[in-house]
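Novice: I'd like to go over a predicted model; first the sequence, then the structure.
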Amino acid sequence: MEASITLKKVGKLIGDKTILAGLSFGIERGSLVAVVGLNDSGKSILLKLLSGYENPNYGQVFVQGLDMEKRRNETRKLIGYVSYENDLDPWLTLKQNISFNANLYSVENRIFKERLKKYSSALNLDPFLNEYAFRVSGGVQKKAMLVRGLIHDPDILVVDEPTGYMDAESIRLTWDLIKELKGEKSIIYVSNSLTEIEQAHDRILVFHEGRIIMDGHLDKLLESTLDYHQFQIEFDNLTDDLYKTLKNIPTIVSPNRLDNTFHFYGRTRTVYFDAIRAATDQMMIDLEVKKLGLRDLLGSEFAGRGLD
């Protein structure tokens, strides 16, 4: 499938600190891509760079085949950007803020009204359009920023924290709209909500220290890198000898203990039976098994160095 955005060996420095390090990847047209990672891993800078609000120190960014640096005016029209920070003019109404962007991109008044009605209705923003930006909540401001980013009908939508400061109903409406737009537009977003990411992505880019260390759908990432189950067995009495026996079982990975509870990982549920056979003389009080998810994937134990 054709790429809507392509990065070729892109790097970004701030002072002498490397924020992005030689990134090369493409975003397929119509895909929904989540960017995740620890704070200060380079996520927000990447979004600004993809939107043309930051320039790389080296490398090239192409938007639908156009070099962003050389064809900036053309490529900016193809992208809608929603920042993490509230950047609405506080002394304008929400409608005036959105209208300003429409005028910037020469959107006809009739089309502006149609799009404003469509997106404002979808996000239940209508009751607030004539309110000054400084008078409304952070969640309402975010919805107005989303409408503003969509008002010129960009092919690519780049969003830093799509549901920041929103209540539950607004979060639902926002994701309904994003999922509706997926396929029609390429959407790249950063979110600190792992639940949102697990439920809404075609692809996840995992960032660590300015580099992409994992790339793919969550199911594929878990299969290839973290195809583990997590186990927890609580004993009536976890002796030092028993703990030593259990931790030396070859199929048990990353064992540790807390009082009378034994924690460990294994690639299959049958690892549990290996532990049971080794502990036949001890009474077990409780057992817990879970399949690893995105939170485990992002944990430093896995993303940084894998399971020991």
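Specialist: Yep, that arrived.
Novice: low-scoring pLDDT stretches of the chain, where are they?
Specialist: 1, 223-228, 269, 290-292, 296-308 (pLDDT under 70).
Novice: all strands of it, in order?
Specialist: 3-14, 17-28, 32-37, 58-63, 66-67, 79-82, 156-160, 186-190, 203-208, 211-216, 229-235, 253-258, 261-266, 284-291 (DSSP state E).
Novice: I'd like these as CSV, with distance to Ile111 and mean neighbour count appended.
Specialist: For the C-beta atoms, the positions are set from N, CA and C on the backbone; glycine is no exception. Below are these laid out as CSV (distance: least, C-beta to C-beta, whole Å; neighbours: other C-beta atoms under 10 Å):
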stretch, distance to Ile111, mean neighbour count
strand 3-14, 22, 18
strand 17-28, 26, 17
strand 32-37, 25, 22
strand 58-63, 22, 18
strand 66-67, 24, 14
strand 79-82, 15, 24
strand 156-160, 18, 24
strand 186-190, 21, 25
strand 203-208, 31, 21
strand 211-216, 37, 17
strand 229-235, 52, 18
strand 253-258, 57, 14
strand 261-266, 55, 20
strand 284-291, 48, 12
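Novice: format those as TSV; extra columns: distance to Lys143.
Specialist: Formatted as TSV, these follow (distance: least, C-beta to C-beta, whole Å):
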stretch	distance to Lys143
strand 3-14	24
strand 17-28	24
strand 32-37	19
strand 58-63	26
strand 66-67	30
strand 79-82	10
strand 156-160	12
strand 186-190	15
strand 203-208	25
strand 211-216	30
strand 229-235	38
strand 253-258	43
strand 261-266	41
strand 284-291	35
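Novice: of the ones you listed, give the one that comes closest to Arg135.
Specialist: Closest approach to Arg135 among these (C-beta to C-beta): strand 79-82, 20.3 Å.
Novice: name every strand pairing with that closest one and say which way it goes.
Specialist: Looking at strand 79-82 with DSSP bridges, its partner strands are strand 156-160 (parallel).
Novice: show me what contacts Thr6?
Specialist: Thr6 makes contact with 25-27, 61-62 under the criterion C-beta atoms under 8 Å, 6 or more residues apart in numbering.
Novice: who does it bridge with?
Specialist: Gly26, Phe62.
Novice: tell me how far it lies from Glu28.
Specialist: Look at Thr6 and Glu28: by C-beta to C-beta, to the nearest Å, they are 10 Å apart.
Novice: also Asp160?
Specialist: 21 Å.
Novice: can you tell me which of the contacts of Thr6 lies nearest to Ala278?
Specialist: Distances from Ala278 to the contacts of Thr6, taken by C-beta to C-beta, are shortest for Phe25, at 45.2 Å.
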